[in-house]
Each structure stands twice: as structure tokens, then as C-alpha cells.
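Asker: make a model of this:
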Amino acid sequence: MWMESKREVEEASRSRASFSRRLLNSLLLCNGDMEHLDEYMQDKLFVLQLAVWGLRGVTRVILANNPLSGALILAALFWASPWQGLLGTLGVLASTLTAVIMGQDSAEVTGGLHGFNGMLVSLLMGVFSSAGDWYWWLLLPVCLGSATCVFLFSGLSSLFDRWNLPVTVFPFNIIIILYLLCTGPNNPYFPHHRVTPPGALEPNATELLAVQVIRGIPLGVGQIFACGALGPSLLILGAVLLYSPLLAVHALLGSAVGTLAGLSMAVHHHFLYSGLSGFNGALGCMAVGGLFFTFSWRTHLFAIASAFLSAYADIALSNMLGTMGLPACSWAATLTATLMLLLTGSLAAYRIPIGQVRAPECNLLSHSQWKAGNTLERESTDV
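Answerer: Model (predicted):
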């Protein structure tokens, strides 16, 4: 009797252990780049493949590459605004289909590299449009602008590849500025809001609310997708966490650094509360903190410096472009990350070749294996 009860307890503990192991393995299959999904989708319908490519393109906006994270981000956008969610979906599909028709590199298409610029263009067109939601004429420039991103991406790639640099969101920043310059605030078909320089706003008349400032830190992650609602922003942060916990930490850290930079420059409280002060800092910190550089204490400090530089550059560019009624978009983080990748010296040893960039944890593991292999090789050649 006692032996039977003991055997039952052991079997129950083994079953619980096996269930926990299966659950952990399932979770591990869902994070990172999910490369196994590409092999599974090879013989599936084109529509299903296009959906996966598009979802990867969605996550490329936050420097990730995970279709499940892309699904979470799309859900967050539809939660915040169904109209913005529709525009974002249309933008990523238009640019991805254009890349397929143009015969762009299949690895770039399947990895979502031709989708994220189109998505950003469509989202920002919707944000700056003064015609309101569900203005169907806006779908025309959304499709054209998203498709044009593919041409710019392809052309800039041949130039940037010489220095082993990523094109990132240069096409988006160029297209959205050209669109706003072409239309203008009083355009009868595609009017948009005129941007006011932060320095031209009225001085802060009320005292600073610490709770609102803290709330603005996760909103800074959401503002990467032009999302200013707290719930959807937390869901977007969760999507980053699913892809890479290390990248999520740097996203929050960069947004906090950007908010601190805004406080030091006494920017208008609206920019602090809405997360607009933090999103360039978040992008700059994520780019350096484990994505394009192997994570270490040196690159971690380097990522914080990149976040500060991105945030201060954003304030300066916002004041300069705002005089023409134009937004600074993500020019600050894009230029800062490109500058960081061009640096030489000891930090250059931590830089990851563009073709080998994966999730930060995978980059860290690959770097450790490479160092171990080099050590063994040196020891074997010693006489």
C-alpha cells in the first residue's frame, strides 16, 4: 500500500516535470527569430507566407524579427485605433508585395526587410492627416508611399552595403518628409496638421506631474508606432519582451533616458507625458544594446550614450524642422545609430556584421562560441 502511494507520487512528479519541460520548450520556440517557422512555411500557400513576411516586417520597426510579436503589435494598433491598424496593415502588405513583384532578394522579403518602412509611412500619414479617420482617399498615398519605400531601400542598400551598414528607416524618413512637403496643411485632398516647433510652444505653466512622466516611459516604446495609448504601448513592450528580454530592457531604458534628456532641456510637458521625448532614445538604445553590437558592460554604457545622443538630437531636429512645419520623425535615432556603427576602436570589435544580426541573446551566444573557438585554435597552434 505504501509502495503504491509512493510510486503514484513519483509518477505525478515526473508528469509535472515533463509538462513544465514541454511548456518551456514551447515558449522557447516562440521567442527569438523563429527560424524554424520559415522551414515550415516553405510549401504553404502564398497568402500564408505573405502573412508571415508581413508580420516579420511589423516587428522590424522595433528592430525585432518575430511573427508572433508582429501579431501582438498589430493587435495593439487595432486596439488603439482600428483606422491606424488598417493603415499599418495596408502599408506593410503594399511594400512587401511590391518587393515580390520587383524580384527583390528572397531572404530580405521573407525576413520582412521590405515591409517595415512601408508600415511606418502609412502610420504617419494617418497620424498627420487632418481629414480625420476613415478618410478613404488617404489609402492612395498610403499605397504609393509604401511601394516607393522599396525602391529607396533597394537603391540605398547598394550604397550602404559598401560600409556594411543597414538601411534601417532612411526610406521612411525621406518619404514622409517628401509627402508632407508635397501636400501642405491646406491641400484640398490630403491636408495634414502643421507641426509646431517645441521651442515655439508656450512655457510650462503648471508643475510637473511625476506619475505622468513615469507613465510616459512605456508610452515612448508605443510612440515608435505612433501609438499614444498606455494599454497598447504595454502590449507592444510585451511583443519586444517575447522576442528578446534584453531588447525590452534596453527599450525601456532608452525611453527613460530620452525622458530624462527632455527634462534637462525643459521641453513642454506634453512631450514628456505622451512619450514623444522617449521614442528616439529607445530606438538608439536598442540598436546598440545587443542588436548591432554584442552585449557587454561596455556596449551597455555605449547604448546609454546612444540613447542620450538620440534624444538630444531629436530635440534639436524638432526645433529646426518644426520651423517648416515638419516633424523630426526618427531621423535622430537613425543618424545616431549609423554614426555608432561607423565608429572605430575597441568597440568595433563588438560589432556584428549586418548579415549575421539576430536576437541579442543569440548574438551573445554566437560571440561566446566564436571566442571559445578562437581560444582553442590559438592553444592548438602554440608550440
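Asker: where in the stretch 101-250 of the chain is pLDDT low?
Answerer: The stretch 101-250 of the chain contains residues with pLDDT under 70 at 198-205.
Asker: so which residues of it form strands?
Answerer: Along the stretch 101-250 of the chain, no segments are classed as strands by DSSP state E, counting those that start in this stretch.
Asker: can you give me the helices for it?
Answerer: With helices called from DSSP state H, counting those that start in this stretch, the stretch 101-250 of the chain shows them at 106-110, 116-128, 139-160, 170-183, 210-222, 230-243, 245-264.
Asker: could you dump those to CSV with distance to residue 35 and mean neighbour count?
Answerer: C-beta coordinates here come from the backbone N, C-alpha and C atoms, glycine included. Below are those laid out as CSV (distance: least, CB to CB, whole Å; neighbours: other CB atoms under 10 Å):
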stretch, distance to residue 35, mean neighbour count
helix 106-110, 10, 15
helix 116-128, 19, 28
helix 139-160, 22, 19
helix 170-183, 26, 20
helix 210-222, 25, 21
helix 230-243, 13, 21
helix 245-264, 17, 24
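Asker: can you list those helices in CSV and add distance to residue 331?
Answerer: As requested, the helices of the stretch 101-250 of the chain are exported to CSV (distance: least, CB to CB, whole Å):
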stretch, distance to residue 331
helix 106-110, 23
helix 116-128, 12
helix 139-160, 15
helix 170-183, 5
helix 210-222, 16
helix 230-243, 21
helix 245-264, 14
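Asker: any idea which of these gets closest to residue 42?
Answerer: helix 106-110 (9.6 Å; CB to CB).
Asker: for that closest one, packing partners?
Answerer: helix 46-60, helix 82-102 (3 or more CB pairs under 8 Å, 6 or more residues apart in numbering; DSSP states H and E).
Asker: so what's the gap between that helix and the chain middle?
Answerer: Relative to its parent chain, helix 106-110 has a centroid offset of 18 Å by CA atoms, centre = their mean, to the nearest Å.
Asker: please apply the same query to stretch 294-305.
Answerer: On CA atoms, centre = their mean, the centre of stretch 294-305 falls 18 Å from that of its chain.
Asker: what sits up against that stretch?
Answerer: 246, 250, 253-254, 257, 284-290, 293, 340, 346-347, 350-352, 360, 363-364, 367 (CB atoms under 8 Å, 6 or more residues apart in numbering).
Asker: of those, which belong to helices?
Answerer: 246, 250, 253-254, 257, 284-286, 340, 360, 363-364, 367 (DSSP state H).
Asker: point out the least confident one among these.
Answerer: Within the ones in helices among the contacts of stretch 294-305, residue 367 has the lowest pLDDT, namely 60.
Asker: ok, back up a step: please indicate which of the contacts of stretch 294-305 are buried?
Answerer: 246, 250, 253-254, 257, 284-290, 293, 340, 347, 350-352, 360, 363-364, 367 (16 or more other CB atoms under 10 Å).
Asker: okay, which residue is most central for this protein?
Answerer: residue 62 (1.0 Å; CA atoms, centre = their mean).
Asker: ok, that one - contacts?
Answerer: Contacts of residue 62 (CB under 8 Å, 6+ apart): 69, 73, 221, 224-225, 236, 239-240, 247, 251, 286.
Asker: am I right that it is in a strand?
Answerer: No. Assessed with DSSP: H, G, I helix; E, B strand; the rest coil, residue 62 is coil; it does not lie in a strand.
Asker: correct me if wrong: residue 358 contacts residue 33.
Answerer: Yes. Between residue 358 and residue 33 there is a contact under CB atoms under 8 Å: 5.4 Å.
Asker: so these two - more neighbours on which side?
Answerer: residue 33 (20 against 17; other CB atoms under 10 Å).
Asker: give me the nearest residue to that one, chain neighbours excluded.
Answerer: Counting by CB to CB, 6 or more residues apart in numbering, residue 33 lies nearest to residue 65, which is 4.9 Å off, once chain neighbours are set aside.
Asker: likewise residue 337?
Answerer: residue 287 (4.0 Å).
Asker: how close does the one you found sit to residue 339?
Answerer: 11 Å (CB to CB, to the nearest Å).
Asker: same check on residue 226?
Answerer: 25 Å.
Asker: same drill for these two, tell me which one is more crowded.
Answerer: The neighbour count for residue 226 versus residue 339, taken as other CB under 10 Å, is higher for residue 226 (21 against 12).
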